[in-house]
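Enquirer: Requesting a structural model of the entry that follows:
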Amino acid sequence: MSELHIEKIVNKYSLDMRDSYLAFDKIQHFSCDSMPDPEKIYAIIGMLFEVLYPGYFCDVKKDQLESFITDRLSRISLGLYGKIFQYLKCDSDIDPEKLKVRALEITDEFIGSLPGLREKLLLDAMAAFKGDPAAEGTAEIIYSYPGTIAIGTYRLANILWKLGVPLLPRIMTEWAHSKTGVDCHPGATINAGFFIDHCTGVVIGETAIVGDNCKLYQGVTLGAVSFPHDEKGNIIRGQKRHPTLEDEVVVYSNASILGNVTIGKGTTVGGGVFLTRSVPPGSIVSNKPAELHYRNGCDPLKRGYISDFQV
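Expert: Numbering: from 1, shown residues only. Okay, here's the model as predicted:
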């Protein structure tokens, strides 16, 4: 096909495409500087993991710690400040100079939170070690368990979410989602000692609250059962619509807990349960046991095929 034919095709549809920009303005972005490169955000996450787990995600010696910390925190702070300012500017009509000050304040608070965050990450790693008999130590958990990425990234994003940074926390947790299969909203509240066994397919909604020392298995959903709407049919936002798990709750694989319900302290929720109401502390919630049927009515116990058969 000649270049002339291509030019005709372009000329034929370019005005229609331009008109579509005017008609469907919710899916375009002309209001400020170009959006930051996601790869640069992913690089910041990588450096954060290097400084939070020194020696695991990069090579560092004890006698290099001061220079290592200075280098990483400098690079993280500069990169993060630029991204925060850019997102604030795109999301606000406030004087850019005031937004620069706010971006610096957020960067300061975020970096200042990292030493305390390491204690939570330690408790998460210990929860994984205590909760998984296959784990041989915290090194294996940090190196190889997807929960290290999923939960660690959530905890970093949650700090920025609480500081009012737009968009960036969601980019961070969706990156972790793509890496691990765990979809955890940065606005969720998850206390210390959290472990997701076989960490994949888990969904944790924005207003979910998870207490201390809780454990989830693969496929668990802490979701919403329905969305309230206003008189115009628009979703009412900002309301509590996801579950609260009190301390030491265990939820087994593929269970769905939906709505603004409370699961009492020490409760165990069995696999495959669909739960839309609150339960008191110390409960055991399970489905009815599966019934066992035999082909042609042949019971192996009665026929002597199996001497000690447990159902």
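Enquirer: What separation is there between residue 131 and residue 193?
Expert: For residue 131, the distance to residue 193 equals 9 Å [CB to CB, to the nearest Å]. The way it works is simple: take the backbone N, C-alpha and C, and place the C-beta from them, glycine included.
Enquirer: Among the two, which residue is more densely surrounded?
Expert: For the pair residue 131 and residue 193, the greater number of neighbours falls to residue 193 (23 against 16), based on other CB atoms under 10 Å.
Enquirer: Can you tell me the SS state at that one?
Expert: Using DSSP: H, G, I helix; E, B strand; the rest coil, the structure places residue 193 in coil.
Enquirer: Pretty sure residue 125 is one of the things it touches, is it not?
Expert: No: the criterion here is CB atoms under 8 Å, and residue 193 misses it with residue 125 at 9.7 Å.
Enquirer: pLDDT score assigned to residue 53?
Expert: Note for residue 53: predicted pLDDT of 95.
Enquirer: my guess is it contacts residue 142, does it?
Expert: Yes: Residue 53 lies in contact with residue 142 (CB under 8 Å); the separation is 5.6 Å.
Enquirer: Next, show the common contact partners of the two.
Expert: Residues touching both residue 53 and residue 142 (CB atoms under 8 Å, 6 or more residues apart in numbering) are residue 148.
Enquirer: got the contact list for residue 124?
Expert: 147, 151, 152, 192, 193, 194, 195.
Enquirer: ranges for the strands of this structure?
Expert: 183-184, 189-190, 195-196, 203-204, 209-210, 215-216, 221-223, 244-245, 250-251, 256-258, 262-263, 268-269, 274-275, 284-285 (DSSP state E).
Enquirer: Of all those, which one comes closest to residue 66?
Expert: If you check each of the strands of the chain against residue 66 by CB to CB, strand 189-190 wins as the nearest, at 32.1 Å.
Enquirer: What pairs with that closest one, parallel or antiparallel?
Expert: In the sheet, strand 189-190 lines up against strand 209-210 (parallel) (DSSP bridges).
Enquirer: same question for the strand it pairs with, mean pLDDT?
Expert: 98.
Enquirer: Compute the distance from the centre of it to the centre of its chain.
Expert: 13 Å (CA atoms, centre = their mean, to the nearest Å).
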